[in-house]
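Participant: Show me the folded form of this:
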Amino acid sequence: MIAPRLHVHTAKFAVRWGDMDAYGHVNNVAYFRYFETVRLEWLYAQGKLPGHDPTKGPVMVNGSCDFLVPIVFPADVEVRMYVGMPGRSSLPTYYDIAGNGIKYADGASKLVWIELATGRPTPLPAHIAAPLRKQLKGE
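Facilitator: Predicted coordinates:
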């Protein structure tokens, strides 16, 4: 059973020639850059909300990608980001990359909020966690 996920952000990219590798398709590293870009766009939007604390922030503690179909230049792709149920200090995130009716990849990462000065985990900001919990519980 797949845990509930909430779509939170979408970004569109034109694949660059430089994203390609010697095998003639987009290099695996570029997929993680696409995930990073959509994740940072969403996180920056959260930081603009009231309650943002610049002494705390997220770090990615793991990441994965299932490469389903190679992306080949030229292409336009859409990267969607989803979040799962927030923990005390962590937030599961999920991604998919698609374009032209093709699903190219699925990915996931886990974010943990930390005190930037110490690197120690800290509770998720309430302005992020509370609305996500509410929406994921269907309230």
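Participant: avg pLDDT for stretch 45-53?
Facilitator: Mean per-residue pLDDT for stretch 45-53: 75.
Participant: Oh, that last question was meant for stretch 21-30, not what I typed.
Facilitator: 94.
Participant: Measure how far that stretch is from the centre of its chain, please.
Facilitator: With Cα atoms, centre = their mean, to the nearest Å as the basis, stretch 21-30 stands 20 Å off its chain's centre.
Participant: Show me what counts as buried in that stretch.
Facilitator: 25, 26, 30 (16 or more other Cβ atoms under 10 Å). C-beta coordinates here come from the backbone N, C-alpha and C atoms, glycine included.
Participant: And stretch 63-83, by the same measure?
Facilitator: 63, 65, 71, 75, 77, 78, 79, 81, 82, 83.
Participant: Which pair of those spans the longest distance?
Facilitator: The span of the buried residues of stretch 63-83, defined through Cβ to Cβ, is set by 75 and 83 at 26.2 Å.
Participant: residues of the longest helix along the chain that come out buried?
Facilitator: In the chain, taking DSSP state H as the definition, the longest helix is helix 28-47. Within helix 28-47, the residues scored as buried using 16+ other Cβ under 10 Å are 30, 31, 32, 34, 35, 38, 39, 42, 43, 46, 47.
Participant: Remind me what it packs against, helices and strands.
Facilitator: For helix 28-47, the packing partners by 3 or more Cβ pairs under 8 Å, 6 or more residues apart in numbering; DSSP states H and E come out as strand 6-14, strand 56-67, strand 76-83, strand 90-99, strand 102-115.
Participant: what does that helix rub up against?
Facilitator: 8-11, 13, 15, 19, 52, 58, 60, 63, 65, 67, 71, 77, 79-81, 93, 95, 97, 104-105, 107, 109, 111, 125, 127-128 (Cβ atoms under 8 Å, 6 or more residues apart in numbering).
Participant: Now with 6 Å, please.
Facilitator: Helix 28-47 is touched from outside by 8, 9, 11, 19, 65, 79, 81, 95, 105, 107, 128, with contacts defined as Cβ atoms under 6 Å, 6 or more residues apart in numbering.
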